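Novice: Attaching a predicted model along with its sequence, questions to come.
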Amino acid sequence: MLDVQRKELKYLVDISEMTRLKRALGQIMIKDIHNGVNGYRVRSLYFDTLGDSDFEEKVDGYDKRQKIRMRIYDNAEIIKLELKAKESDMQRKYSLLLSRKEAENMMHADYGFLLERPEKIAHSIYIKLMTNCYRPKCIVEYDRLAFLKDTNDTRVTFDMNLRASESNLNLLDENLILYPVCSLGEITMEVKYNSFLFSYIKQMINRTDKSQISNSKYCRARKISKKGRF
């Protein structure tokens, strides 16, 4: 089980700003080994209650909220079940590695295997899923470029080409048909760190001359079923 707590800031940048920042960050941070040329794929299946309470709490601006998702990367060899809790500008994320069978159970809203796991957080997630009638709701996918610094667990990521599906909810389907959620030139930069952000990284980020945003990929991805709500 992974338990991470850190601050998370989001900014909207364009291609020219990302190009400049990539060059600068490459001098002071380590490039994620999975970056490749165009980044790596991140795909998540989000769960929500029958009344979509997680969606509504985000749209209504609740300061304290949670979300549950299952996540894979390019080759789907690693499957994670994540509970992400937010309070003010602090984020805490609990992650469990799942087998393919467990992932398939999750996609069918069969959560009983969580009670057989030894991790306490697995039992907590089970109670939350069952008590509030959580079901799979939406798949979100995007391409990510990441830069890392071990100190303070600092990460700067660029997420682009946001796309989604609210019909086919098979997270492991390699032929999944997705619809675009944002324009090709829209890029979300996320800055994540523990305790404090190094001044030289902060100064570099501040040069983007962009304001912080609250940019929920999950909420934006539900633009069809929740038209007019986000």
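Specialist: Received, thanks.

Novice: Burial check on N168, number of neighbours?
Specialist: 12 (other Cβ atoms under 10 Å). Quick note: C-beta positions are derived from backbone N, CA and C, even for glycine.

Novice: swap in P136?
Specialist: Neighbour number of P136 under other Cβ under 10 Å is 18.

Novice: Look up how far N206 lies from G185.
Specialist: G185 sits 22 Å away from N206 when distances are taken as Cβ to Cβ, to the nearest Å.

Novice: Revised request: answer the last question for H108.
Specialist: H108 is 46 Å from N206, by Cβ to Cβ.

Novice: What of S16?
Specialist: Taken as Cβ to Cβ, the span from S16 to N206 is 17 Å.

Novice: wait, doesn't L162 sit right on A221?
Specialist: Yes. Between L162 and A221 there is a contact under Cβ atoms under 8 Å: 7.2 Å.

Novice: Which one's more surrounded, these two?
Specialist: More neighbours surround A221 than the other of L162 and A221, with 28 against 21 (other Cβ under 10 Å).

Novice: residues near E116, how many?
Specialist: 10.

Novice: same deal with K10?
Specialist: Neighbour number of K10 under other Cβ under 10 Å is 17.

Novice: Could you give the bridge partners of it?
Specialist: Counting by DSSP bridges, K10 forms beta bridges with E190.

Novice: didn't it look like it was pressed against S216?
Specialist: No. Under the criterion of Cβ under 8 Å, K10 is not in contact with S216, lying 9.4 Å apart.

Novice: Might you report the residue contacts of F47?
Specialist: 68-70, 106, 129, 134-137 (Cβ atoms under 8 Å, 6 or more residues apart in numbering).

Novice: what do you get for Q91?
Specialist: Here Q91 is in contact with 5-8, 84-85, 192 (criterion: Cβ under 8 Å, 6+ apart).

Novice: Thank you, goodbye.
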